[in-house]
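*Asks:* Could you work out the structure for the sequence below:
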Amino acid sequence: MSLGIAFFSQALSSAVTWNPADKNANLALSGSDLIVTKTTTDAYGTVRATWGIAAAANGYFEVYISEATQSQYIMIGVGTSAMSLSASVGASATGWAYYQETGDKWTNGGNSAYGASYLANGTVIGVAFKNGKLWFAKNNTWQAGGDPAADTGEAFSGITGTIYPAVSLYRKSAPAHVIGGHFKTADFTYSPPSGFAAWEA
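*Replies:* Residues are numbered from 1 along each chain as shown. Presented below is the predicted three-dimensional model:
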């Protein structure tokens, strides 16, 4: 089955989506606000989801890479409402990200080695958050030996505040960057780790 843009155009509506009122102007939403497309200017633009959870709660969501074959640069992660939408997730202390090009993790404008790059279209990035800890999976493989179900090997810890799913796209030049979000169980490609609920829940 094709998992490209057509897949997302058929996605069921969800209580949680990318937020049309909380995005950079250089991003466009479609597919019931589950698809993000970079529309103008080769520069970072960020969007947050419509629902944030407290640091003491837990949630899982997925991001599907639909089109990103040129100059990758995508950042996937979470951020607070204070995170700038004109910079990448991880560019400040209010965002935490997994970087497509190198697999590094980013926060507060700094990076460190973490996991595998995710350069191929069709890649699904899973994001798990619980009790201030954050994990990332590439096609259902949790990176850097992480195990959210066992509460070990997290990419980040000590995260506080209300946390929102967030992505940053860079490339407008053809082909433009396009990603999709999955926030509810019925739309997931993979099952959340044990002890984690869909972000919508």
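
*Asks:* Now do the SS call for the residue nearest the centre of the chain.
*Replies:* Against the mean C-alpha coordinate of the chain, by C-alpha atoms, centre = their mean, the closest residue is residue 76 at 3.5 Å. What DSSP: H, G, I helix; E, B strand; the rest coil gives for residue 76 is strand.

*Asks:* Same check on residue 21?
*Replies:* Of the three states, residue 21 takes strand under three-state DSSP.

*Asks:* Adjust the sequence numbering to begin at 32 for everything that follows.
*Replies:* All set: I'll call the first residue 32, so the last point we hit is now residue 52.

*Asks:* Report the separation between it and residue 80.
*Replies:* Distance check for residue 52 against residue 80: by C-beta to C-beta, to the nearest Å, it reads 12 Å. Placement of C-beta: from N, CA and C, glycine included.

*Asks:* Could you export the longest strand anywhere in the chain as PDB, CA atoms only?
*Replies:* Secondary structure of the chain per DSSP state E: the longest strand is strand 89-98. What follows is strand 89-98, C-alpha atoms only, in PDB (Å, rounded to 0.1, in the frame of the first residue of the first chain):
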ATOM      1  CA  ASN A  89       2.600  10.200  29.000                       C
ATOM      2  CA  GLY A  90       1.900  10.200  25.300                       C
ATOM      3  CA  TYR A  91       3.000   8.700  21.900                       C
ATOM      4  CA  PHE A  92       2.700  10.100  18.400                       C
ATOM      5  CA  GLU A  93       4.200   9.400  15.000                       C
ATOM      6  CA  VAL A  94       5.600  11.500  12.100                       C
ATOM      7  CA  TYR A  95       5.700  10.100   8.600                       C
ATOM      8  CA  ILE A  96       8.300  11.400   6.100                       C
ATOM      9  CA  SER A  97       6.400  11.800   2.900                       C
ATOM     10  CA  GLU A  98       8.800  13.900   0.800                       C
END
